[in-house]
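Participant: just the structure for this:
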Amino acid sequence: MNYTFYTVSFALLLVGCNQPTDRGQQYIDGGFNNVLNPVTFIASDKPHDYLRFLAQLEKVEIQSPLLSRSNQPLYNGVKIWLSESGEPTALTDYGIKLEQMGGSDGEGNVLFTGYFSPVIEMRHQADTVFRYPMYAFPTCVERCPTREEVYNGALDGLGLELGYSASLIDNFIMEIQGSGFIHFDNRDQLEYFAYGGKNGHPYVSIGKVLIERGLVSREKMSLKAIKDWVSMQDETSVIELLNQNPSYIFFLPKQSAPVTGTAGIPLLPYTSVAADKNFLPMGTILMAEVPQLNEEGDWNGKHVLKLLLALDTGSAVKENHLDLYHGIGKAAGIKAGYHKHFGRVWKLTKPIVDVKSDEAITHDKQNITFKNVVNSASTLTLPM
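Facilitator: Numbering: from 1, shown residues only. Below is the predicted model of the structure:
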């Protein structure tokens, strides 16, 4: 009888030891059955950095009165909490309710990926080098063409070409990011190509295709790994791979504009995320232990506790998955491409009617300045 007990105990210990931790996974909570699970407090020993949050929140309040108004009790409550405390365990003292994301494993490990705004060199007219077009949204009678049909000329002659790049994979990556900046050779300024719609066909990850074909290992998969593989292939092989994803994104040029997400709010790096709006509506505030990476794209053993705002969506961003915005350009793209790691995440909410808010929160407190919060809310600022 004792032998059986020790055998079972040892087996359970081995199972625990086999839980992966190489991408920032933690096994602190566990037992979650839903995407969002009510909890009474946040217990985190991670260093915190809230400094960028107030600047992003300010953009929400300025750019979208409607979004701001629907979330104002929460926004005010969080600003007051930042000014007076900043301790995660004190959030509920300010009438803020908490729900922890369960993670796809039920252990609270939420996937963090990254996205960015590419900068691509283009020409208005095609030549022997710049010959890969980007398109405006077409008028589709019954169905829009698939990626393969677009590559085979389905949109030729319709006057939808916005410009031509020298790299098919760069165009594809900009589609995945949803927007980007374009430099035409006859202009000094960058032109912003915003998201202009999609063809309605399902999204398929070409990274997953490369893994399933044994061409790139799951451990090494990143945006850089995809580009490295593409650089060693002929054009026919590259097109065949890209055609595995029938989804196609179209763009809308804007002369001068900041990077905006689905919510129409300018995005700041490392503070805004794309999320599943079925669980995290636009404007949602999240408390998150964001995994930190080294220069090689590996988890460095640390998380930093941050406040994030859900201001964007993505066709591949569902349920227990957040896509963290990294900024503009090549360096941001490299960092974003590495991000496929895990951290714990809590959704913050606050009822519209709150007795404490009505009786105790003064007008001065509701208008806390960025300077007030910076002086008291954070003792640590760490770069991503």
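Participant: residues contacting residue 90?
Facilitator: Residue 90 sits next to residue 81 when contact means CB atoms under 8 Å, 6 or more residues apart in numbering. For every residue, glycine as well, the C-beta is placed using N, CA and C.
Participant: grab the most central residue of the protein for me.
Facilitator: residue 323 (1.7 Å; CA atoms, centre = their mean).
Participant: distance of that residue relative to residue 113?
Facilitator: 5 Å (CB to CB, to the nearest Å).
Participant: overlap in contacts of the two?
Facilitator: residue 317.
Participant: could you report the pLDDT at residue 375?
Facilitator: Looking at residue 375, its pLDDT stands at 43.
Participant: related to what we said a few turns ago, so in terms of bridging, what pairs with the residue nearest to the centre of the chain?
Facilitator: As for beta bridges, residue 323 partners with residue 113, residue 274 under DSSP bridges.
Participant: return the residues in contact with it.
Facilitator: 112-115, 273-275, 312, 314, 316-317.
Participant: that's a strand at residue 99, yeah?
Facilitator: Yes. Counting by DSSP: H, G, I helix; E, B strand; the rest coil, residue 99 is part of a strand.
Participant: look at it and say how many residues are nearby.
Facilitator: 18 (other CB atoms under 10 Å).
Participant: again, but for residue 18
Facilitator: 7.
Participant: distance of it relative to residue 25?
Facilitator: 12 Å.
Participant: please apply the same query to residue 81.
Facilitator: Taking CB to CB, one finds residue 81 at 29 Å from residue 25.
Participant: compare these two (neighbour count), which wins?
Facilitator: Counted by other CB under 10 Å, residue 81 and residue 25 do not tie: residue 81 has more neighbours, with 22 against 19.
Participant: how distant is the helix or strand containing that one from the center of its chain?
Facilitator: Element membership for residue 81, per DSSP states H and E: helix 72-84. Put simply, helix 72-84 sits 24 Å off its chain's centre (CA atoms, centre = their mean, to the nearest Å).
Participant: now that helix and strand 97-101, what's the angle there?
Facilitator: Angle between the axes of helix 72-84 and strand 97-101 is 90 degrees (criterion: axes from the mean of the first three to the mean of the last three CA atoms, to 10 degrees).
Participant: please shift the residue numbers so they start at 269 in all later answers.
Facilitator: Renumbered: residue one is now 269, and that last one reads helix 340-352.
Participant: which residues in the protein form helices?
Facilitator: 270-285, 321-331, 333-338, 340-352, 415-419, 436-445, 474-480, 491-499, 503-510, 598-606, 623-628, 631-634, 638-645 (DSSP state H).
Participant: show me what the biggest strand by length in the chain is packed against.
Facilitator: Secondary structure assigned by DSSP state E gives strand 567-580 as the longest strand of the chain. Judged by 3 or more CB pairs under 8 Å, 6 or more residues apart in numbering; DSSP states H and E, strand 567-580 is in contact with helix 321-331, strand 540-542, strand 553-561, strand 589-596.
Participant: for the first one, name the packing helices and strands.
Facilitator: Think helix 321-331. Short answer (3+ CB pairs under 8 Å, 6+ apart): helix 321-331 packs on helix 333-338, helix 340-352, strand 567-580, helix 638-645.
Participant: let's see it at 7 Å
Facilitator: Counting by 3 or more CB pairs under 7 Å, 6 or more residues apart in numbering; DSSP states H and E, the packing neighbours recorded for helix 321-331 are helix 333-338, strand 567-580, helix 638-645.
Participant: switch these over to TSV; also include distance to residue 404 and mean neighbour count.
Facilitator: TSV is the format used below for these (distance: least, CB to CB, whole Å; neighbours: other CB atoms under 10 Å):
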stretch	distance to residue 404	mean neighbour count
helix 333-338	28	14
strand 567-580	21	21
helix 638-645	39	15
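Participant: lowest average pLDDT across those?
Facilitator: helix 638-645 (a mean of 42).
Participant: now residue 453: closest residue in space, sequence neighbours ignored.
Facilitator: Leaving aside its sequence neighbours, residue 453 sits nearest to residue 391 (CB to CB, 6 or more residues apart in numbering; 6.1 Å).
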